[in-house]
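Undergrad: Task: produce atomic coordinates for the following.
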Amino acid sequence: MNEFSMNEFLRCAEQVVREAGAVLRERFGTPLDVRHKGRIDLVTEVDLLVENLIRDRLRHRFPDHGILAEESGLAERTSAFRWIVDPLDGTTNYSHGYPFFSVAVALEHEGETLVGVVYDPLRDELFSAARGQGATCNGRPVRVSTVPTLEQALLVTGFPYNVTSSPQNNLNHFGAFLGVAQAIRRDGSAALDLAYVAMGRFDGFWELNLAPWDMAAGSLLVTEAGGRVTAFNGQPFSPYVAEIVASNGLLHDAMCEVLRRSAETSV
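TA: Reported below is the predicted structural model:
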């Protein structure tokens with residue numbers, strides 16, 4: 001893997017998200033310059049500050065690697081490696097002082113995600129995974145839950161920024177799962193939701209209209225923790241396809257079936 005090892009990639013990702021998280025923690029609860037990318041899609045100066053910090057650190061360490069980041073887009077280089085960066089997943093939460101947000105960084109090589117880290121700076125929880133090496137939280141191994149049925153499951157989801165205008169607004173799926181799951185949460189940070197699935201706090205997660213930086217790191221956490229991640233129809237997952245189902249594996253087929261039925265009844 002050129003001159004670097006998987007562990008070096010992982011250590012770098014962990015270091016950079018901790019540094020970025022320190023900035024998020026320091027600025028949390030302070031007055032922010034909030035701008036709108038859409039009617040309810042926000043960006044703050046902290047998003048931009050943290051993204052620039054992460055890009056600078058990665059560019060210094062791996063100058064030939066590409067970087068795909070939420071606010072600045074794609075900067076390609078000659079290498080087959082690409083970092084995928086979400087500097088602040090949960091900007092709306094952050095701007096309102098709601099304490100649920102994260103910073104997420106993943107590394108892929110020729111389309112395969114090798115490293116994923118998600119950091120919650122308020123709880124100081126660092127979720128990390130390297131392909132084939134399992135998933136951890138603050139260095140301790142984590143595993144998905146063993147909940148066997150939807151009736152016993154705590155699920156989590158989110159709604160897209162164009163929820164008021166798009167027919168793909170997740171309301172049909174949400175209603176369908178309300179009828180079969182024990183409970184559903186909506187917390188506003190897909191990366192952290194996926195980390196919670198990996199740790200067994202949630203039993204399953206689904207969402208649509210997501211971007212690669214929302215899913216890349218967290219999806220690896222789930223699979224390395226023993227879970228399963230696919231598209232809604234059960235086909236192989238890609239962070240470049242804007243939908244995801246993640247579960248402890250035991251619930252997965254049942255979740256995909258609920259999604260299939262709710263899609264059919266909403267047509």
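Undergrad: Tell me how the protein divides into domains.
TA: What the record gives for the chain is the domain set 6-141, 150-266, from automatic domain parsing.
Undergrad: just those domains: most buried one?
TA: Greatest average neighbour count among those goes to domain 150-266 (a mean of 20), per mean count of other CB atoms under 10 Å. All C-beta atoms are positioned from the backbone trio N, CA, C, and that covers glycine.
Undergrad: ok so, going back, mind putting the domains of the chain into JSON lines with mean pLDDT?
TA: Below are those laid out as JSON lines (pLDDT from 0 to 100):
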{"stretch": "domain 6-141", "mean pLDDT": "93"}
{"stretch": "domain 150-266", "mean pLDDT": "94"}
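Undergrad: and the end-to-end length of stretch 28-48?
TA: Using CA to CA, to the nearest Å, the end-to-end distance of stretch 28-48 comes to 14 Å.
Undergrad: One more: stretch 57-76?
TA: End-to-end for stretch 57-76, by CA to CA: 16 Å.
Undergrad: Distance from the chain centre to it, please.
TA: 18 Å (CA atoms, centre = their mean, to the nearest Å).
Undergrad: And what about residue 155, helix, strand or coil?
TA: Recorded secondary structure, residue 155: strand (DSSP: H, G, I helix; E, B strand; the rest coil).
Undergrad: ok, it to residue 197 distance?
TA: Here residue 155 is placed at a distance of 9 Å from residue 197 (CB to CB, to the nearest Å).
Undergrad: One more: residue 35?
TA: Taking CB to CB as the measure, residue 35 falls 31 Å from residue 197.
Undergrad: Equivalent analysis for residue 47, please.
TA: Distance from residue 47 to residue 197, counting by CB to CB: 25 Å.
Undergrad: tell me the phi and psi of the residue nearest the centre of the chain?
TA: With distances taken as CA atoms, centre = their mean, the residue of the chain nearest its centroid is residue 191 (2.2 Å). Phi and psi for residue 191, reported as degrees, to the nearest 10, are phi -60, psi -40.
Undergrad: cool, and the one 3 residues further on?
TA: Dihedral angles phi and psi of residue 194 (degrees, to the nearest 10) take the values phi -70, psi -40.
Undergrad: Report the contact partners of it.
TA: Neighbouring residues of residue 194 by CB atoms under 8 Å, 6 or more residues apart in numbering: 118, 205, 215, 217-219, 221-222, 246.
Undergrad: In helices only, show me those.
TA: Counting by DSSP state H, the contacts of residue 194 place 215, 217-219, 221-222 in helices.
Undergrad: Need the overlap of contacts for residue 155 and residue 197.
TA: Taking CB under 8 Å, 6+ apart as the contact criterion, the common neighbours of residue 155 and residue 197 are 203-205.
Undergrad: Next, the residues that contact the biggest helix by length in the chain from outside, please.
TA: Ranked by residue count and defined by DSSP H, the top helix of the chain is helix 6-27. The contact list for helix 6-27, computed with CB under 8 Å, 6+ apart, reads 46, 49-50, 53-54, 57-58, 61-62, 87-88, 94, 101, 103-107, 114-122, 126, 128, 130-131, 133.
Undergrad: any idea how far that helix is from the chain center?
TA: 15 Å.
Undergrad: What of stretch 79-92?
TA: For stretch 79-92, the distance to the chain centre is 9 Å (CA atoms, centre = their mean).
Undergrad: could I get it in CSV with only the CA atoms?
TA: Taking C-alpha atoms only, stretch 79-92 is exported to CSV below (Å, rounded to 0.1, in the frame of the first residue of the first chain):
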residue,chain,number,x,y,z
SER,A,79,-2.9,8.8,-6.4
ALA,A,80,-5.6,6.2,-6.3
PHE,A,81,-6.3,7.2,-2.7
ARG,A,82,-9.1,9.6,-1.8
TRP,A,83,-10.0,11.1,1.6
ILE,A,84,-13.7,11.8,2.2
VAL,A,85,-14.3,14.5,4.7
ASP,A,86,-17.3,15.8,6.6
PRO,A,87,-16.0,18.6,8.8
LEU,A,88,-19.3,19.0,10.7
ASP,A,89,-22.0,16.4,10.3
GLY,A,90,-25.0,18.0,12.1
THR,A,91,-24.5,21.7,11.3
THR,A,92,-28.2,22.5,12.0
